[in-house]
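> coordinates only, sequence not included:
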């Protein structure tokens, strides 16, 4: 019952916004763009990560790109497909690196740390909105001091509203979504799942 009642409030939206927009911005151009590919291509999260990763790679032509995919959920073919998407958009192959040994965020971060071997490097993380807080916190716990993020929002309107964190903007521009029970329930599921992961990471000293 509480789950349903919360879906009629702004609580799911603000909880999701807090996870998606942690106060961590780079003050310089990134040395590495870390694309957390989630379930890889053709999953929606993998496609979004690839899309935003390419955009950032084009914006920062001197940065190297690390494609990070879970070892337990991907194969070499998915890595190749993901890389080819970058190549098709004009990203040089020599800029692209891989981390596909880790099976979760903390092991992926460990692999990336070994791959980069420079904790002073500036990192720009591309990942799902709800994963952004935990991902950045894990990189910082691993010793990286310059870490920023770009959440892979599903639409420009969602990105603008979440970044603004404004109840007024949300009500004015997306009044229908305010009463969309299913949309808010989806936020609740994502947030609860992610808060559980955050608690587990905190208990293990990973963040």
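Structure received. A quick note: this is a predicted structure, and the numbers were derived from the prediction, not measured.
> Just give me the longest helix of this structure.
Counting residues, the longest helix found in the chain (DSSP state H) is helix 181-203.
> elements contacting that one?
Helix 181-203 sits against helix 2-6, helix 11-20, helix 132-141, with contacts defined as 3 or more CB pairs under 8 Å, 6 or more residues apart in numbering; DSSP states H and E. To be clear about C-beta, it is placed using only N, CA and C from the backbone, and glycine gets the same treatment.
> pLDDT of the first one, averaged?
Taken as a whole, helix 2-6 has a mean pLDDT of 54.
> Ok, the second one next?
This predicted structure assigns helix 11-20 an average pLDDT of 78.
> in this protein, which spans are helices?
Remark: helices assigned in the chain by DSSP H are 2-6, 11-20, 44-59, 76-88, 105-116, 132-141, 156-164, 167-173, 175-178, 181-203.
> and residue 124, which of those is closest to it?
Proximity to residue 124 (CB to CB) singles out helix 44-59 among the helices of the chain, at 6.1 Å.
> in the closest one, what's buried?
45, 46, 47, 48, 49, 50, 52, 53, 54, 56, 57 (16 or more other CB atoms under 10 Å).
> Which neighbouring elements make contact with that helix?
Secondary-structure packing of helix 44-59 (3+ CB pairs under 8 Å, 6+ apart): strand 32-36, strand 64-68, helix 76-88, strand 122-127.
> The last one to strand 32-36, inter-axis angle?
Meaning strand 122-127. 20 degrees (axes from the mean of the first three to the mean of the last three CA atoms, to 10 degrees).
> Pull up the pairing partners for strand 122-127, direction included.
strand 32-36 (parallel), strand 146-151 (parallel) (DSSP bridges).
> burial of the residue nearest to residue 112 when sequence neighbours are not counted, as a residue count?
Once flanking residues are discounted, residue 112 sits nearest to residue 99: 5.1 Å by CB to CB, 6 or more residues apart in numbering. Residues contacting residue 99 under the criterion other CB atoms under 10 Å number 25.
> now swap in residue 197 and tell me
Neighbour count of residue 197, defined by other CB under 10 Å: 16.
> so where's the protein uncertain?
1-11, 22-23, 39-42, 71-76, 155-182 (pLDDT under 70).
> So which residue is smack in the middle of it?
The residue lying closest to the centre of the chain (CA atoms, centre = their mean) is residue 127, at 1.5 Å.
> Report the contact partners of it.
Contact partners of residue 127, counting by CB atoms under 8 Å, 6 or more residues apart in numbering, are 36, 38, 49, 135, 149, 151, 152.
> residues touching residue 152, list them.
Residue 152 sits next to 45, 48, 49, 51, 52, 126, 127, 128, 129 when contact means CB under 8 Å, 6+ apart.
> Kindly recompute the last result at 6 Å.
Contact partners of residue 152, counting by CB atoms under 6 Å, 6 or more residues apart in numbering, are 48, 49, 52, 128.
> Of all the strands paired with strand 122-127, which one is nearest residue 205?
Of all the strands paired with strand 122-127, strand 146-151 comes closest under CB to CB, at 18.1 Å.
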